[in-house]
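*Asks:* Here you go, sequence then predicted model.
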Amino acid sequence: MIGTTTHRCLGEVRAAESVAFARASAEHDRRFLDPGREDFRVHPMYLPSLLRGPDGAATAEYRPDGMFADEVPGTAGLDVRLLAGGQTIEFCSTPPLGVPLEVTRTVNGVDWKGSDGGEFLLITVSKTYRVTGSVTLAIVTERFIVR
């Protein structure tokens, strides 16, 4: 499982979706809310929220726990429940509008945690968001609790 990697095309970041995310995040900075501004920017937290391209996923691509089947490489088809266990984000470059983006996910670690009847696995996954075949935009290290 460690070293398992998946790649996904996320499509293009569109201003309307970035603005909707900023509004839903209770953002007040006009640079993230008004695409007509010269200094308009994609909200920095929008990029790590992208899990799929604009077409979403078919019903069969969801796990019983509601996550996408391929969200944690190597766990598709396993009868386990995954819970988000925290993340760190390194922002590398401002996400551009209108160019194809991709994410690469790699399992970096699997550790046993807990004690006496309360054991669980903690899977660490790195996700690298980039302009397709080019500039790295963000690196996310995410942990998933497996029960």
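*Replies:* Yes, it's here. Residues are numbered from 1 along each chain as shown.
*Asks:* Please enumerate residues in contact with the strand of greatest length in the chain?
*Replies:* Of all segments of type strand in the chain, defined using DSSP state E, the longest is strand 100-113. With CB atoms under 8 Å, 6 or more residues apart in numbering as the test, strand 100-113 has contacts from 1-13, 47, 50, 70-74, 95, 119-133, 137, 141. Yep, even glycine has a C-beta here, placed from its N, CA and C like the rest.
*Asks:* Separate out the buried members of those residues.
*Replies:* Using 16 or more other CB atoms under 10 Å as the burial test, the contacts of strand 100-113 include 6, 8, 10-11, 13, 47, 50, 70-74, 95, 121-130, 137 as buried.
*Asks:* So which of these are in helices?
*Replies:* Among those, the members falling in helices (DSSP state H) are Leu47.
*Asks:* Sort out which of the buried ones among the contacts of strand 100-113 are in strands and list them.
*Replies:* Using DSSP E, the buried ones among the contacts of strand 100-113 in strands are 6, 8, 10-11, 121-130, 137.
*Asks:* list the contacts for Val80?
*Replies:* With contacts defined as CB under 8 Å, 6+ apart, Val80 is in contact with Val146, Arg147.
*Asks:* Assign the residue in the chain sticking out farthest from the centre to helix, strand or coil.
*Replies:* Centroid-distance maximum for the chain: Asp116 at 32.5 Å, with CA atoms, centre = their mean. Three-state assignment for Asp116 (DSSP: H, G, I helix; E, B strand; the rest coil): coil.
*Asks:* Many thanks, have a good one.
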